[in-house]
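Engineer: pasting the sequence and the predicted model now:
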Amino acid sequence: MIRRYTPPEMGAIWAEEAKFGRWLAIELAVCREQARRGKIPRKDLRIIEKRAGFSIARIDWHERKTNHDVLAFIAAVAERVGPSARFIHMGLTSYDVVDTGLGIAMRDATGVLETKLVRYAVILRKLATAHRETVATARTHGVHAEPTSLGLKFALHYAEALRNLHRLIRARKAVAVGKISGAVGNYAHLDPSVETTGLKRLGLEPAPVSTQVVQRDRHAEYLTTLAILAGSLEKLATEIRNLQRTEVRELEESFEKGQKGSSAMPHKRNPILCERVAGLARVMRGYAMVGLENMALWHERDLTNSSAERIAIPDASILADYMLSLMLRVLERLTVNTDQMRKNLDLTGGLIYSQRVLLALVGAGMTRADAYDLVQRHAMRAWEKGEEFRRLLASDPAVARCLPGGALDACFDPRYYLRNVNTVYRRLGIPL
């Protein structure tokens, strides 16, 4: 992933130095288990533990000769260890190291993502609480529908964040596995207990059954989980972008001192962070497809997954972290224009209260069909002529008969629409 989109902590997990460090930890864990079983002399183990290390430059040098990254790594380590290096990688295949190392990396990456996702959920919960009674215009098909609570909008995204957190925890369990089972997964040259105890040292579970590789449905689950998370972030980013439009201006990304919105138009304040999130979500969906395509390998394995994974898994992990960072920044500095929300509530001259009037007429004895036709007739005139909806209704004798006194006025109270939102808050465990 390009440096611009790489948070340091997540980038460090996927750096070459970290990758080879995981490989070395795996080789040492296996050596220690083999020594416990008398397969490696103790004096050789001590030499291995003391001298084992690597230089990326030497690994690269060997890889130019061997065209094999794991053999190049082993050769570079062996140069430092000396004759005792003959015990390193004994009975292992390359993907015992590669897949186990990848499991460690994905496990650690989910830990970073989980921390930020929890922060993201906490901010959404705070916004939902703060704006529980902030009345806003709900829109369906992009058109004004009925009044709603701004807090309810945030509560919806909070609930989705919790689901993403549960998905991420499940994905971590799926990928926090390794294999030390040999070239085709049948433990022909290794005692299975080496895998069990060796992986325990590394904080992983053994795959119950493997071939030369850990099966790629696990990696597909990881990538699709990240793609769903990205889609949820895009969903909120799109909401904010729409509510920041000049004609709406209910929510806005913060605009920092010295920030420029356009090279040509000095007045511009664009939702650039939300737009970036929406764009990167498209990339994340592509990585999910890579994960699904990688599931079907020939027999005990082929290499069609390898090249694609070297890009997709690190990049998806980094982008998910970066997108979460962007949305945290947006939410922490979000501008909420409540005055503009009130203006937008009144923009259609009361049309958003049409269902309330309809139900009041039905409750007063009018048939639903007659009430619907009556309300729609006045609503269409108000829409097309720009007349006030409430005045048109008040001048209709049929309405006056059914809704005398203040009964019609009561239909135009926006707070009526908040009377049951506490149900959602109780379901989500948000204090009232």
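Structural biologist: Sure thing, it's come through. These figures come from a predicted structure and were not determined experimentally. Numbering: from 1, shown residues only.
Engineer: could I get the full set of strands for the stretch 201-350 of the chain?
Structural biologist: Ranges of strands in the stretch 201-350 of the chain, per DSSP state E, counting those that start in this stretch, are 205-206, 251-252, 335-336.
Engineer: no no, the stretch 1-150 of the chain
Structural biologist: 135-140, 143-149.
Engineer: contacting residues around residue 108?
Structural biologist: When contacts are counted by CB atoms under 8 Å, 6 or more residues apart in numbering, residue 108 touches residue 13. From N, CA and C alone the C-beta is placed, and that goes for glycine too.
Engineer: how near is it to residue 238?
Structural biologist: 31 Å (CB to CB, to the nearest Å).
Engineer: then residue 209?
Structural biologist: 42 Å.
Engineer: for these two, indicate the residue with more neighbours.
Structural biologist: A direct count of neighbours by other CB atoms under 10 Å for residue 209 and residue 238 places residue 238 higher, at 16 against 11.
Engineer: wouldn't the more buried one be in contact with residue 275 here?
Structural biologist: No: here residue 238 does not reach residue 275: they are 9.3 Å apart, not a contact under CB atoms under 8 Å.
Engineer: where does pLDDT dip in the protein?
Structural biologist: Counting by pLDDT under 70, the chain shows low-confidence ranges at 258, 260-264, 268.
Engineer: residues making contact with stretch 180-200?
Structural biologist: Residues contacting stretch 180-200 (CB under 8 Å, 6+ apart): 26, 29-30, 32-34, 37, 90-93, 96, 100, 177-179, 205-207, 209-212, 300.
Engineer: give the buried subset of the residues you listed as a PyMOL selection command.
Structural biologist: Filtering these down to the buried ones (16 or more other CB atoms under 10 Å) takes a single PyMOL command:
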select buried, resi 26+29+30+32+33+34+91+92+93+96+100+177+178+179+206+207+210+211+212
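Engineer: out of the contacts of stretch 180-200, which sit inside helices?
Structural biologist: Of the contacts of stretch 180-200, the ones assigned to helices by DSSP state H are 26, 29-30, 32-34, 96, 100.
Engineer: stretch 50-69: end-to-end distance?
Structural biologist: 23 Å (CA to CA, to the nearest Å).
Engineer: which residues are contacting that stretch?
Structural biologist: By CB under 8 Å, 6+ apart, stretch 50-69 touches 16-17, 20, 24, 27-28, 71-73, 75-77, 79-82, 84, 88, 94.
Engineer: contacts only, for residue 5.
Structural biologist: The contact partners of residue 5, by CB under 8 Å, 6+ apart, come to 280, 318-319, 322.
Engineer: mind redoing it with 7 Å?
Structural biologist: By CB atoms under 7 Å, 6 or more residues apart in numbering, the contact list for residue 5 reads 318-319, 322.
Engineer: what do you get for residue 254?
Structural biologist: The contact partners of residue 254, taken as CB under 7 Å, 6+ apart, are 333, 335.
Engineer: can you tell me how far it is from residue 327?
Structural biologist: 13 Å.
Engineer: and if you look at residue 140?
Structural biologist: 24 Å.
Engineer: which one's more surrounded, these two?
Structural biologist: residue 327 (25 against 8).
Engineer: about what we covered before: can I get the strands of the stretch 201-350 of the chain in TSV including distance to residue 150?
Structural biologist: TSV is the format used below for those (distance: least, CB to CB, whole Å):
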stretch	distance to residue 150
strand 205-206	44
strand 251-252	9
strand 335-336	7
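Engineer: nearest to residue 120, out of these?
Structural biologist: Shortest distance between residue 120 and the strands of the stretch 201-350 of the chain, using CB to CB, is found for strand 251-252: 16.4 Å.
Engineer: show me the contact partners of the closest one.
Structural biologist: In contact with strand 251-252 (CB under 7 Å, 6+ apart) are residues 240, 243-244, 334-337.
Engineer: strand partners (parallel or antiparallel) of that strand?
Structural biologist: strand 335-336 (antiparallel) (DSSP bridges).
Engineer: just the element for residue 430, please.
Structural biologist: Under DSSP states H and E, no helix or strand contains residue 430.
Engineer: just residue 159 next, same as before
Structural biologist: helix 150-175.
Engineer: please compute how far that helix lies from its chain's middle.
Structural biologist: Helix 150-175 sits 8 Å away from the centroid of its parent chain (CA atoms, centre = their mean, to the nearest Å).
Engineer: can you offset everything so residue one is 425?
Structural biologist: That works, and once the first residue is 425, the last one we named lands at helix 574-599.
Engineer: any idea of the angle it forms with strand 559-564?
Structural biologist: Following axes from the mean of the first three to the mean of the last three CA atoms, to 10 degrees, one obtains 60 degrees for the angle between helix 574-599 and strand 559-564.
Engineer: residues contacting residue 729?
Structural biologist: With CB under 7 Å, 6+ apart as the criterion, the residues that contact residue 729 are 640, 718, 721.
Engineer: residue 533 and residue 597: what is the separation?
Structural biologist: Taking CB to CB, one finds residue 533 at 14 Å from residue 597.
Engineer: same check on residue 455?
Structural biologist: Counting by CB to CB, the gap from residue 455 to residue 597 is 28 Å.
Engineer: residue contacts, the residue nearest to residue 556 when sequence neighbours are not counted?
Structural biologist: Once flanking residues are discounted, residue 556 sits nearest to residue 575: 3.9 Å by CB to CB, 6 or more residues apart in numbering. The contact partners of residue 575, taken as CB under 7 Å, 6+ apart, are 552-553, 555-556, 558.
Engineer: take those and keep only those in helices.
Structural biologist: 552-553.
Engineer: for residue 812, state which of the contacts of residue 575 is nearest.
Structural biologist: residue 558 (24.8 Å).
Engineer: and the closest one, how far is that from residue 847?
Structural biologist: From residue 558 to residue 847 the distance is 18 Å (CB to CB).
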